[in-house]
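A.B. asks: got a predicted structure here, sequence first:
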Amino acid sequence: MSNEWFAKGWFRHWLRWIAAPMSFYVIVTVASFTFLSHHYSSPWRIPVALAPVVPIAIAVWGIRRRNREMDELERRVILETKDVALTAATLIFIAYGFLQAAGFPKPHPFTHAIALIVLQFPARLLARRKYA
């Protein structure tokens with residue numbers, strides 16, 4: 001499977017559309033936080049705070065490009081992965097919403113995105129088992 005992945009040019013695609021923008025994201029985020037910590041009242045604070053979104057958007061675009069190149073089975077696995085991850089995250093956060101009524105603290109807004117990303121790994125394993 002890994003030889004297939006490398007032979008089909010996916011690794012090159014990953015380097016170009018995912019790894020490079022995410023490396024740029026790290027640099028832009030550090031620069032953004034550094035700038036904002038020293039120039040909080042600057043009129044540039046809003047564009048600088050939003051600057052890390054640009055490399056993320058490039059990576060998302062690269063992921064979408066890759067998804068369009070997939071065959072039907074790969075697309076079905078990806079769709080089922082995202083479906084299971086979204087459903088699981090929704091159930092978790094609805095349950096946690098009820099726990100907040102019992103005094104649990106509010107989660108950070110990034111928690112939702114992180115949960116979706118983390119839940120995709122077991123969901124992908126389940127989907128691949130189904131279609132293997």
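C.D. replies: Looks like it came in fine.
A.B. asks: name the element the residue most central in space within the chain belongs to?
C.D. replies: In the chain, the centroid-proximal residue (Cα atoms, centre = their mean) is residue 117; its distance is 5.5 Å. Following DSSP states H and E, one finds residue 117 within helix 110-131.
A.B. asks: what are the buried residues along that helix?
C.D. replies: Neighbour counts over helix 110-131 (16 or more other Cβ atoms under 10 Å) mark 115, 116, 119, 120, 123, 124, 127 as buried. Yep, even glycine has a C-beta here, placed from its N, CA and C like the rest.
A.B. asks: helices or strands up against it?
C.D. replies: Judged by 3 or more Cβ pairs under 8 Å, 6 or more residues apart in numbering; DSSP states H and E, helix 110-131 is in contact with helix 72-101.
A.B. asks: specify the angle between the helix it packs on and helix 110-131 in degrees.
C.D. replies: Here helix 72-101 runs at an angle of 140 degrees relative to helix 110-131 (axes from the mean of the first three to the mean of the last three Cα atoms, to 10 degrees).
A.B. asks: residue 118 and residue 96: what is the separation?
C.D. replies: Residue 118 is 15 Å from residue 96, where distance means Cβ to Cβ, to the nearest Å.
A.B. asks: residues near residue 85, how many?
C.D. replies: Residue 85 sits with 22 neighbouring residues when counted by other Cβ atoms under 10 Å.
A.B. asks: which ones are touching it?
C.D. replies: By Cβ atoms under 8 Å, 6 or more residues apart in numbering, the residues touching residue 85 are 116, 119, 120, 123.
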